[in-house]
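>>> model this:
(one chain, ligands or ions: 1)
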Amino acid sequence: MELALYHPTYGYYMRTGQDDSARRIGWDGDFYTSSDVHAVFGRLLGRQLQQIDQVLAYPTPLTIVEMGPGKGTLAQDILQSLSADASLLSRLRYVLVERSPAMQAAQQRTLSPWAQQAGLVTWVESLEALPADSVVGAFLSNELVDAFPVHRVRIMEGVAHELTVTYREGRFVEQTQPLRNPALQAYVRRLSDLGITLTEGQTADINLQALTWMKQVAGILAKGLVCTIDYGHTAQDLFGPERRNGTLLGYRHQMLSEDPYQAVGLQDLTAHIDFSALATAGEEAGLAVTGFTNQMSFLMSLGIEQELERWEPGSREYQAIVQLLRPEGMGRTFKILIQHKGIPAPTLEGLRFKPFFGSALTPTPARGTRQEASGRPPSSPSPLASSLLP
Ligand SMILES: C[S@@+](CC[C@H](N)C(=O)[O-])C[C@H]1O[C@@H](n2cnc3c(N)ncnc32)[C@H](O)[C@@H]1O
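Numbers count the residues shown, from 1 in each chain. Okay, the predicted model is just below:
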């Protein structure tokens, strides 16, 4: 998966020229993301970032680090939204972390109007370029973590095995070997500590890079928040009976494939993420969970209804905005994990409606029921929210 996505020449995200990686994201590409659906997504995130600026007492500089920015559309919409706040803009340092030169070039094209303002927008290839405790502000990502390569673990005759891949006689061939990687062994043990038992024949996609990444982020953030948006679940849901074949999928021409060995380097590969593991890794590194919600609740909390009111029901804009919210689609599949460090737990606008309850992220067998994360009572969903809820 690492090679299929990130081989310097043939990797899905690294291709240049006619096959340019950036063309693969969007309506005409292989898959689209929330920022392709409507600019309101970035606009509302901008609103949340403005409140974060306030929570941090208007620091100079206010640093926003966006990781895995794709074509740069989200950054563009956020910068557009923040440009209404002259004080914030004068203190803002927007750092894009992108490992793919092809994607970086696309971002530079999208953000060229902003890049002319000295120091406002800068790029780094990896988080290693950012010193420890150097950021006061926010880390942000949309669909980054699902693009990290995963390990596949399968239970065979009661024993956990890792699936590996070799290339033989012109074909990719899967092999199995007993689990030897200590980090994978620890992950499976942790699942069992949470009361999650992988059953015979079950496949689990395990994202170790997500844990390393979370710890790196925690080390760089001195004071502020981390906002991770992606499709994923709590460990209990991700490794439960409904997903016993794992969640590794390919995307090409807006079609889904369950075969990772076809069109290698030409199809995106992705797996759903384990938000419980992210929360735990973050906690171990000093990031406290501020809240965990889904995209529908997050955008509703940030005032998406006022944005909808500007459009005629049935218009293209209206339909696109509703698409971000649909409970059977983006609204509920996408989750938002927010963590904080160096500040007391903030009351964030985006977390006003809470469909989940704190213990869902770090469940214990004895405390499996879902309950509220904080003492705040949940706000009632608005009429639109209620009409979208099943
Ligand atoms: C699925 S795309 C998401 C694009 C964008 N955030 C959006 O919402 O449209 C994943 C992006 O993460 C980048 N990426 C993957 N691993 C990365 C890493 N370790 N550091 C920085 N960027 C990474 C990929 O090159 C790609 O731009």
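
>>> Going by C-alpha atoms from here, please, whenever you check contacts or count neighbours.
Will do.

>>> And the longest helix along the chain, what does it pack against?
Determined from DSSP state H, the single longest helix within the chain is helix 40-55. Counting contacts by 3 or more C-alpha pairs under 8 Å, 6 or more residues apart in numbering; DSSP states H and E, helix 40-55 is packed against helix 34-37, helix 73-82, strand 135-142, helix 304-309.

>>> can you list these in a markdown table and add mean neighbour count?
A markdown table is the format used below for the helices and strands packed on helix 40-55 (neighbours: other C-alpha atoms under 10 Å):
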| stretch | mean neighbour count |
| --- | --- |
| helix 34-37 | 20 |
| helix 73-82 | 22 |
| strand 135-142 | 23 |
| helix 304-309 | 15 |
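
>>> quick one on the thing from earlier: mind listing what the next helix or strand after the longest helix of the chain pairs with, with the direction of each?
Of the helices and strands lying after helix 40-55 in sequence (DSSP states H and E), the nearest is strand 62-67. For strand 62-67, the paired strands and their directions (DSSP bridges) read strand 92-97 (parallel), strand 135-142 (parallel).

>>> Present those as TSV; the columns should include distance to the ligand.
Below are the strands paired with strand 62-67 laid out as TSV (distance: least, C-alpha to the nearest ligand atom, whole Å):
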stretch	distance to the ligand
strand 92-97	5
strand 135-142	4
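
>>> Quick check: residue 70 touching residue 22?
Yes. Using C-alpha atoms under 8 Å, residue 70 makes contact with residue 22 at a distance of 7.0 Å.

>>> Are there residues contacting both of the two? Which ones?
Common neighbours of residue 70 and residue 22 (criterion: C-alpha atoms under 8 Å, 6 or more residues apart in numbering): 103, 106.

>>> In terms of neighbours, single out the busier of those two.
Neighbours around residue 70 and residue 22, counted as other C-alpha atoms under 10 Å, are more numerous at residue 70. The numbers are 27 against 23.

>>> now the more buried one: how far from residue 60?
27 Å (C-alpha to C-alpha, to the nearest Å).

>>> ok, residue 140 touching residue 68?
No. Using C-alpha under 8 Å, residue 140 is not in contact with residue 68; the gap is 9.2 Å.

>>> Next one: the helix or strand containing residue 232, is it in contact with the ligand?
Element membership for residue 232 (DSSP H and E) is strand 221-233. No. Contact of strand 221-233 with the ligand (C-alpha under 6 Å from any ligand atom) is absent, the minimum separation being 8.8 Å.

>>> same for that strand, what does it pack against?
Looks like strand 221-233 contacts strand 135-142, strand 273-274, helix 275-284, strand 334-341 (3+ C-alpha pairs under 8 Å, 6+ apart).

>>> What separates the first and last residues of stretch 4-11, distance-wise?
5 Å.

>>> who's in contact with residue 99?
68, 124, 125, 126.

>>> mind checking the SS state of it?
coil (DSSP: H, G, I helix; E, B strand; the rest coil).
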